[in-house]
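>>> Got a sequence here, can you model it:
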Amino acid sequence: MIETPNTARAWATELAACLGVGAVLGVFGPFGSFFNDVLVVRVAYWAGVFLVCGMAFGLAFRLLAPRAHRAGVPAWAWIPAMALVVGIPLAGATRLMAAALWPAIRQSVGPIEWYGQTVLVSLVYVALYGVLRRRAAPSAALNDGLKPEAPRILRRLPPRLGQDLLCLSMEDHYVRLHTVRGSALVLMSLSQALEEVGGLEGLQVHRSWWVARRAVEGVIEDGRNLRIRLKGGIEAPVSRASVARLRAAGWLDDHVAGAPGTVAAGH
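Got it, this is the predicted structure:
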């Protein structure tokens, strides 16, 4: 997934980069714009074009990237489609900008040709955006107190909850992320959350629950049912299909199947 933080700092960085790229293009004058006017005007035009481009695609990425990730749509499928759609209003806006500076351009370049040029610039922009955002992800993780290789699921935790993930529980179309400081709901499926767990040691103990190994404090037997007692007073149900797997992993003591209500301390 392409990380698209919606912070003032991220927006400022992106738009500043757009102005820089636009200034460079103004010097070279692509698509025949080199002959349209003097350097200052060309730079102003292309900087304005890329500023508008940055705002449009910055918003589009932030709206679409999380949804595409949750739906399992690969980047190669949705990003070009996004460029084609966003290119329509962009072509209109940039054509108005160009016509304000050079009125004769309405006759020299037709709308279809202008749209094609806009899509080409858009595809270059989104490709560079994706590369830069992926490279920026490790730096963002370090700034958040995470190692670059930290599981992606930890980045979904609000800062107030810390990074000590205890377990995941499914609630309708949401997953609740539990830490010792509280919990937060994230719109995603449990299967998607498990893909982001990465190297965190833990097991899925129920169709709706995943538990981190270090969070286990004991096991509670209630008749034929088992629950795992976690830090923070959380109790996670254990499905019968998971008992053998948990026992093989050393999560359950051999004497847990004793008297009802007994509690076995975890390893």
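
>>> quick one: low-confidence ranges for the stretch 1-150 of the chain?
1-5, 69-70, 132-149 (pLDDT under 70).

>>> and if we set it to 50?
Confidence mapping of the stretch 1-150 of the chain against pLDDT under 50 gives the ranges 138-144, 148.

>>> what's the answer for the stretch 151-267 of the chain, then?
By pLDDT under 50, the low-scoring segments of the stretch 151-267 of the chain are 254-267.

>>> Excluding chain neighbours, what is closest to residue 6?
Leaving aside its chain neighbours, residue 6 sits nearest to residue 62 (5.3 Å; criterion: C-beta to C-beta, 6 or more residues apart in numbering). C-beta: built from backbone N, CA, C; applies to glycine.

>>> Strands of the stretch 151-267 of the chain, residue ranges please.
Remark: strands assigned in the stretch 151-267 of the chain by DSSP state E, counting those that start in this stretch are 165-171, 174-179, 182-187, 202-206, 209-212, 216-222, 225-230, 235-238, 263-265.

>>> Now do the third one: which elements does it pack against?
The one in question is strand 182-187. Where contact means 3 or more C-beta pairs under 8 Å, 6 or more residues apart in numbering; DSSP states H and E, strand 182-187 is packed against strand 174-179.

>>> The first one now?
Packed against strand 165-171, as judged by 3+ C-beta pairs under 8 Å, 6+ apart, are the following elements: strand 174-179, helix 190-197, strand 209-212.

>>> So what's the gap between it and the chain middle?
Centroid displacement of strand 165-171 relative to its chain, using C-alpha atoms, centre = their mean, to the nearest Å, is 19 Å.

>>> buried residues in that strand?
Buried residues in strand 165-171, counted by 16 or more other C-beta atoms under 10 Å: 165, 166, 167, 168, 169, 170.

>>> Was I right to think residue 86 contacts residue 122?
Yes - the pair residue 86 / residue 122 is scored as a contact, 6.6 Å apart, by C-beta atoms under 8 Å.

>>> so what sits against both of those two?
Taking C-beta atoms under 8 Å, 6 or more residues apart in numbering as the criterion, residue 86 and residue 122 both touch residue 57.

>>> follow-up on the earlier one: wasn't the residue nearest to residue 6 part of a strand?
No - going by DSSP: H, G, I helix; E, B strand; the rest coil, the assignment for residue 62 is helix, not a strand.

>>> From what I see, it and residue 11 are in contact.
No - between residue 62 and residue 11 there is no contact under C-beta under 8 Å: 9.5 Å.

>>> For residue 25, list the residues it contacts.
Contacts here follow C-beta under 8 Å, 6+ apart; on that basis residue 25 touches 46, 50.

>>> Quick check: it vs residue 48, distance?
Using C-beta to C-beta, to the nearest Å, residue 25 is found at 11 Å from residue 48.

>>> Over to residue 94?
Going from residue 94 to residue 48 by C-beta to C-beta gives 8 Å.

>>> between those two, who's got more neighbours?
residue 94 (23 against 19; other C-beta atoms under 10 Å).

>>> Return the set of buried residues in whichever strand or helix holds residue 23.
Counting by DSSP states H and E, the element that carries residue 23 is helix 8-28. Neighbour counts over helix 8-28 (16+ other C-beta under 10 Å) mark 10, 11, 14, 18, 19, 21, 22, 25, 26 as buried.

>>> Please state the offset of it from the chain centre?
23 Å.

>>> who's in contact with residue 50?
Residue 50 sits next to 18, 19, 21, 22, 25, 125 when contact means C-beta under 8 Å, 6+ apart.

>>> ok, now with 7 Å
Counting by C-beta atoms under 7 Å, 6 or more residues apart in numbering, residue 50 touches 18, 19, 21, 22.

>>> and the two most separated of these?
In the contacts of residue 50, two members sit farther apart than any others by C-beta to C-beta. They are 19 and 21, at 7.5 Å.

>>> how close does residue 90 sit to residue 10?
From residue 90 over to residue 10 the distance is 21 Å, taken as C-beta to C-beta.
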